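Show me the folded form of this:
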Amino acid sequence: MDYVGIDIGSTAAKITLIKNEDIKHFVMPTGWSSKETAGLIKDKLENDYGVYPESEDCRTVATGYGRISVSYADFEITEITCHARGGRELSGATTTTIIDVGGQDTKVISLENGFVADFLMNDKCSAGTGRFIEIMADKLNLTLEELFDIAQNGDPIEISAMCTVFAESEVINYIGEGRKKEDIAAGVIDSVAKKVSQLAGRAKIKNEVILTGGLSNVPYFAKVLSEKLNTPVHTTENGKFAGSFGAALLAKEKKKR
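Numbers count the residues shown, from 1 in each chain. Reported below is the predicted structural model:
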């Protein structure tokens, strides 16, 4: 039996396949249509991996922003449940806190003895998400990698606005004033870490924290966030696949309907 987890987010679709106990991950852009993306995922599974989601030999779970668009999924399961299951497996701990900084939202999930004890989600403003960092990197004419690299050598400039539009204006003003690019970059990362820590501070943090999502393998962000939370924050190699990995594991644990 093959098990597939599909996590269609606002900007990227993450897919995890468990085949003969071998785990494979891949990612593709969501594009303008989640339904079209779901079709492309199905084609790739069939053509590249020899996995047929609509067959009796495959069980598929869909999650994320575009989960209802995956017509061939056997189950649709919420992001919180899938991220909790995947994060638990990635952390190797049953009592931990998972912070997922995505393109559209940020999720904080506290696990206790393997079960969700508390969770919070910020989906009202992009100022505490990866999208905010992408916008600011563009304003500084930097790639994301370059922004994180130079931020490590800067002294953070305060970006006080809670809204992305106004924060963007602050950054443009700093650029016009001739402030150091590395200081502005450090301010951008500090601002996002501050907003994420404020959200996390309202949840019941359990033991250590692991990062999932697009910033899960950025040690510098983990360092800044750990300072804000006064709690160790760990990066995870495949953290951006936490949702799809959890979905694939749940597919394995469920009976096909």
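
State whether Met136 is indeed within a helix.
Yes: membership of Met136 in a helix is supported by DSSP: H, G, I helix; E, B strand; the rest coil.

residues in contact with it?
Remark: with contacts taken as Cβ atoms under 8 Å, 6 or more residues apart in numbering, Met136 is in contact with Leu147, Ala167, Glu168, Val171, Ile184, Ala185, Val188. (C-beta placed from N, C-alpha, C; glycine too.)

same deal with Thr235?
Taking Cβ under 8 Å, 6+ apart as the contact definition, Thr235 lies against Ile210, Leu211, Ser216, Asn217, Val218, Pro219, Ala222.

before we move on, the earlier item: distance to Cys82, secondary structure and neighbour count for the contacts of Met136 - can I get that in TSV?
As requested, the contacts of Met136 are exported to TSV (distance: Cβ to Cβ, whole Å; DSSP: H, G, I helix; E, B strand; the rest coil; neighbours: other Cβ atoms under 10 Å):
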residue	distance to Cys82	secondary structure	neighbour count
Leu147	29	helix	23
Ala167	30	helix	22
Glu168	32	helix	18
Val171	34	helix	22
Ile184	36	helix	25
Ala185	32	helix	27
Val188	29	helix	28
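
JSON lines please, covering those and showing pLDDT.
As requested, the contacts of Met136 are exported to JSON lines (pLDDT from 0 to 100):
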{"residue": "Leu147", "pLDDT": "95"}
{"residue": "Ala167", "pLDDT": "80"}
{"residue": "Glu168", "pLDDT": "81"}
{"residue": "Val171", "pLDDT": "88"}
{"residue": "Ile184", "pLDDT": "95"}
{"residue": "Ala185", "pLDDT": "95"}
{"residue": "Val188", "pLDDT": "92"}
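
from those, which single one is nearest Ala84?
Distance to Ala84 across those (Cβ to Cβ) is lowest for Val188, with 29.1 Å.

With Ser169 as the reference, measure out to that closest one.
Here Val188 is placed at a distance of 13 Å from Ser169 (Cβ to Cβ, to the nearest Å).

Alright, I will stop here.
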